[in-house]
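> The sequence and its predicted three-dimensional model are supplied below.
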Amino acid sequence: MPRPKATRPPRQGAAPAASGTEHASGAPGLFSARHARAWIVGLTVLAYLNSFAGDFVFDDVHEIVHNPSLERLLPPWEAMFKGHKAPARPLPYLSFAIDRALWGCKPFGFHVTNVAVHLAAALALFDLIRLTLLSPRLRDRWGQGAVPLALASTVLWAVHPLNTQAVTYIYQRIEAMAGMFCLMSLAAFATAAAAEWSWKWLAASAAACFAAMACKESAVVLPVLLLSYDWLFTPAVSPANWLADAWQRRRFFYAACFLSWLVLGAVVASQAGDYTEFGATRGSALTQPGVIMHYMRLSFWPAGLCLDYSGWPAVTSFSLRQLPAYAAIVALVVTTAVGTWRRRPWAWLGLTFFGCLAPTSSVLPVEAFVNEHRMYLPLAALVATVVCGAATIRMRGRAGLIATLVVAIVLIAATRSRNRLYYSGVAIWNDVLEKDPGNYRGLWQMADLLDHLGQEADAFALADRAVERKPTCEIYGNLAAARLATGDHSGAERRCRRGLERQVGRLPPDDRAVLISTGDLAAVLRLGGKVAEAASLCTGTIDDMRRVLGADHVTTIWSGQIIAEGLSADGDHAAAEAEAREQLRRATDAKPAADPLVINATLTLARVLDAAGRTAEAELVVRALLQSLQQDSRRRKSDTLVLETMRAELQQKLGRSGEAVDAGRRMVDDPARAEGRD
């Protein structure tokens, strides 16, 4: 971050503008800010250079590679606000779309961007620590060593293998970008404080705060961190003086920062149904002290890193075994609270650590108890605490430099070793299963990989174990979907039946997961031409689906469409039409016109009308949807082709063969139309 330039003499007690060339001895040299930044960049790139060979793994596949919203950049909000299976975070998803435009589906470019984000975060962290140690309340004790201490803290954080999940795992750019903007906002605020509260730097801090809110929900703590930084590092004789000064100089800044919560609220509200991170999982509050201690252990001894902790046991009742972890966390929290009240600057490190973990490591009912990427920002506070603590015991100068280099080399080697596991899905999930043989998500992913290789028996064995570990998982539905994509209806049906059989023995018949699996089987049967069997299956469960899943759930709507086709096949055309129109209404209320649910509902109504002898009306229904899709950039080529084919068939039945032929020619001759862009 550029050094601030004061436009007038600083007031008494204010921090001087950072010169950018501070040295432990007060002279420019090896530890100048400029040279320190070069060391940070060089060592971080060395640690992550081999990550560029990594592949797409886990969420990368369905949220980046197979996400149709990322296929085009314009209009940008299509990519920013539409995830595939997970909620979209606007700025990270826009960056994914930009990478898709630049690199296609080649992971190399995505890894370059991830490392660039991490570098920007590291440089912001360096400036934040440096300027904080040069602040009025700390410079007498720490000012001479500000640059080397900031350099040591930043390097050890930047190359730490605990950060690989946020940097090497492409999808977790979401976490890294949120952390980057948080650090930029804090660094800009520290720069503003050093430059007589320059409004330009305050504006930059507020802008970065808004950007952080558009990256991830965990950024919600940033305005509180900014306020606490002001409280702990701004020189003032008394709390009353600090409040008066903050209100006089920075009220518009804080108003803007706290208003940024509205951005976060709007993003969350717009995709409320897509969040699965927070659910009804019991034991989160009692489990998290042990989780935090695990995070701290990995910070000091990063052995046993794991991509997925879905097998982490929930603690649902207090026991003496957990007492040491509870006592340690309570002691740290109380110490931080007391230090904050007494305006001790060191308390800000504790506030940052616990504040950044609070959204996922508190009383909130999170489904995934542990995720290493959540330590991206808290790790910075922990590392800075250790480095400054070492400095207080006079581990400075040459001894401190040697110790930092040794630790950095070890961490770089560990990070590069961890990066290699991301070279393939097989390697990373084998690593997960080595550490937790019963990890249902690891079993799921390995079963999927084996099924793609044609090793059905081995895939089924792993899938069965996954269902035993977590009966509600939708592993067989995913395996069936992969078979459907290749046109293997019998293989898809076999997987759906096996999955449903495994769940029925372990779950109630009206369990949400069982109902979804039933809907999956019915859908596969219908696509395979077994309409009567599919309709019978849906008729027997539709009431439970409406009660448990809701009438507007995708599975319920799809099942209603199947029932409509079954009624039509039985000759009850009036009931079939009523059901088909009801499901089309629900589909259009819930989804945009280009969504497959709406397209399938339209085709169902057209088939029902055609079977009733009302072919002209059926053709009008299909034509209306095609016309509405002309202005929708989200339409896909495959969906347009299906609708055009259906329309051509109906036109032929109506004796309008010429129109049908013309439509076929347009699909072949018009490249824009063939791409679904009419």
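On my side now, so go ahead. Residues are numbered from 1 along each chain as shown.

> how does the protein divide into domains?
33-420, 614-678 (automatic domain parsing).

> how long is stretch 411-430 end to end?
23 Å (CA to CA, to the nearest Å).

> Give me the phi and psi for residue 570.
In terms of degrees, to the nearest 10, the main-chain angles of residue 570 are phi -80, psi 0.

> State the number of residues packed around it.
Residue 570 has 13 neighbours, counted by other CB atoms under 10 Å. Heads up, the C-betas are built off the backbone N, CA and C, glycines and all.

> CSV please, covering the domains of the chain and showing mean pLDDT, distance to residue 561 and mean neighbour count.
Conversion of these to CSV gives the following (pLDDT from 0 to 100; distance: least, CB to CB, whole Å; neighbours: other CB atoms under 10 Å):
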stretch, mean pLDDT, distance to residue 561, mean neighbour count
domain 33-420, 91, 20, 19
domain 614-678, 71, 14, 16
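
> Among those domains, which comes closest to residue 535?
Closest of the domains of the chain to residue 535 is domain 614-678, at 19.5 Å (criterion: CB to CB).

> Residue 179 versus residue 163, what's the distance?
9 Å (CB to CB, to the nearest Å).

> Mutual contacts of those two, please.
With contacts defined as CB atoms under 8 Å, 6 or more residues apart in numbering, the residues shared by residue 163 and residue 179 are residue 376.

> what separates stretch 67-84 from the chain centre, distance-wise?
15 Å (CA atoms, centre = their mean, to the nearest Å).

> okay, that stretch in PDB with CA atoms only?
The C-alpha trace of stretch 67-84 is given here as PDB (Å, rounded to 0.1, in the frame of the first residue of the first chain):
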ATOM      1  CA  ASN A  67     -22.000 -23.500 -13.700                       C
ATOM      2  CA  PRO A  68     -23.800 -22.100 -16.800                       C
ATOM      3  CA  SER A  69     -24.000 -18.600 -15.200                       C
ATOM      4  CA  LEU A  70     -20.200 -18.200 -15.600                       C
ATOM      5  CA  GLU A  71     -20.200 -19.000 -19.300                       C
ATOM      6  CA  ARG A  72     -20.500 -15.300 -20.300                       C
ATOM      7  CA  LEU A  73     -19.500 -12.000 -18.700                       C
ATOM      8  CA  LEU A  74     -22.400  -9.900 -19.900                       C
ATOM      9  CA  PRO A  75     -24.500  -9.000 -18.200                       C
ATOM     10  CA  PRO A  76     -22.200  -9.300 -15.100                       C
ATOM     11  CA  TRP A  77     -24.900  -9.800 -12.600                       C
ATOM     12  CA  GLU A  78     -25.700 -13.200 -14.100                       C
ATOM     13  CA  ALA A  79     -22.400 -14.500 -12.900                       C
ATOM     14  CA  MET A  80     -22.500 -12.500  -9.600                       C
ATOM     15  CA  PHE A  81     -25.800 -13.600  -8.300                       C
ATOM     16  CA  LYS A  82     -26.500 -17.100  -9.600                       C
ATOM     17  CA  GLY A  83     -24.700 -20.100  -8.200                       C
ATOM     18  CA  HIS A  84     -25.100 -23.600  -9.400                       C
END
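
> element containing residue 136, please.
Taking DSSP states H and E as the definition, residue 136 sits outside all helices and strands.

> Which residue, other than its chain neighbours, is closest to residue 598?
residue 587 (4.7 Å; CB to CB, 6 or more residues apart in numbering).

> In a helix, the one you found, correct?
Yes. Read with DSSP: H, G, I helix; E, B strand; the rest coil, residue 587 is one of the residues of a helix.

> Neighbours of it, how many?
25.

> Tell me how far it lies from residue 603.
On the measure of CB to CB, residue 587 and residue 603 end up 11 Å apart.

> try residue 340
In terms of CB to CB, residue 340 sits 61 Å off from residue 603.

> Kindly report the same for residue 80.
Applying CB to CB to residue 80 and residue 603 gives a distance of 30 Å.

> swap in residue 88?
Distance from residue 88 to residue 603, by CB to CB: 27 Å.
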